[in-house]
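**Student:** requesting a structural model of the entry that follows:
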Amino acid sequence: MSDKALHIVGVDRSSPGIEKLIARFEKRAVGPERVADRILEGVEKGRYMVFTSADIRIAYWFQRKFALPYEIAMRKLNDRLTAAAGDG
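**Tutor:** Got it, this is the predicted structure:
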């Protein structure tokens, strides 16, 4: 298991659908050391909001500027995860 391991309580990690989603997540995931460094940097600079990666910053911007499309996209992603979790 990589240092970017994804753990979802009650989900069988060996399920084919879940394995595919985990592999996709781990390609883009930022390691815990990098996240910790970014958080500490943000705290030291007194920032209210700390973005741990560029995709998080983009998602936050999209959420604020396009609330309804963002909500629809998140619901679809949630439906995909729920469906994949049901494979096992």
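**Student:** sec struct for Val50, please.
**Tutor:** coil (DSSP: H, G, I helix; E, B strand; the rest coil).
**Student:** so it touches Glu44, yeah?
**Tutor:** No - applying CB atoms under 8 Å as the test, Val50 and Glu44 come out as separate, 10.4 Å apart. Using the backbone N, CA and C atoms, a C-beta is placed for each residue, glycine as well.
**Student:** pick out whichever of those two has more residues nearby.
**Tutor:** Val50 (14 against 8; other CB atoms under 10 Å).
**Student:** extract the residue ranges of the protein that are flagged as low pLDDT.
**Tutor:** 1-9, 87-88 (pLDDT under 70).
**Student:** hmm, 50 instead?
**Tutor:** Applying pLDDT under 50 to the chain flags residues 1-2, 88.
**Student:** how close does Arg80 sit to Glu33?
**Tutor:** Shown here: Arg80 relative to Glu33, a distance of 29 Å by CB to CB, to the nearest Å.
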